[in-house]
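Colleague: here is the input, now give the coordinates:
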Amino acid sequence: MESRGSDQVALVERFCDAWSRRDFDGALSVLSSDVVYRPIASFAEVEECRGHDAVRRFFDGFWEAWADDALWRLDTTRVYGGAVIALSRFTGHARTSGAEVTGGVFQVFRFRDGKIAQIEDFTDRAQALAAAGPEA
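Modeller: Okay, the predicted model is just below:
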């Protein structure tokens, strides 16, 4: 069990590292081809993304909205039941308005066949914990 959890955390770290470097191919390489990504529910214009093409479009749109100073970094990870919960921190300026944004996102990662199969984002820790399910 420890090995599986360690492998899963390593996948999350690889994904987050590639994402923060805007290396979309690197990020997609650890995702299953039928990955499901659910962005923060308050992003009204963003719907659930299914598959590499939809996730890539989200990546492109997300990073296009932010100036070059935008930074996304992995803060903590925790194996929780069959999932990994990660807290990532973001800071940057919106490209159009110049508004500075700082915040954190709780991400729940689920796995299948050695790849990340699902990512779900939350602004609330309790919601992320509930989505991860009961701790094993």
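Colleague: so which bits of the biggest strand by length in the chain are buried?
Modeller: If you go by DSSP state E, the chain has its longest strand at strand 100-112. Residues of strand 100-112 classed as buried: 105, 106, 107, 108, 109, 110, 111 (neighbour count, 16 or more other Cβ atoms under 10 Å). (C-beta placed from N, C-alpha, C; glycine too.)
Colleague: pull the CA atoms of it into PDB?
Modeller: Taking C-alpha atoms only, strand 100-112 is exported to PDB below (Å, rounded to 0.1, in the frame of the first residue of the first chain):
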ATOM      1  CA  GLU A 100      -3.200  40.300  -9.000                       C
ATOM      2  CA  VAL A 101      -4.500  37.000  -7.800                       C
ATOM      3  CA  THR A 102      -3.200  34.800  -5.000                       C
ATOM      4  CA  GLY A 103      -4.800  31.700  -3.700                       C
ATOM      5  CA  GLY A 104      -4.900  28.000  -3.200                       C
ATOM      6  CA  VAL A 105      -6.600  25.100  -4.800                       C
ATOM      7  CA  PHE A 106      -7.200  21.600  -3.300                       C
ATOM      8  CA  GLN A 107      -7.000  19.000  -6.100                       C
ATOM      9  CA  VAL A 108      -8.300  15.400  -5.700                       C
ATOM     10  CA  PHE A 109      -6.400  13.000  -7.900                       C
ATOM     11  CA  ARG A 110      -7.700   9.400  -8.700                       C
ATOM     12  CA  PHE A 111      -5.700   6.800 -10.600                       C
ATOM     13  CA  ARG A 112      -6.100   3.900 -12.900                       C
END
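Colleague: helices and strands around it, which ones?
Modeller: helix 2-20, strand 83-93, strand 115-122, helix 125-132 (3 or more Cβ pairs under 8 Å, 6 or more residues apart in numbering; DSSP states H and E).
Colleague: below-threshold pLDDT in the chain: ranges please.
Modeller: 1-4, 42-46, 135-136 (pLDDT under 70).
Colleague: the residue sitting furthest away from the middle of the chain in helix, strand or coil?
Modeller: Residue farthest from the centre of the chain, counting by Cα atoms, centre = their mean, is residue 97 at 24.4 Å. Assigned with DSSP: H, G, I helix; E, B strand; the rest coil, residue 97 falls in the coil class.
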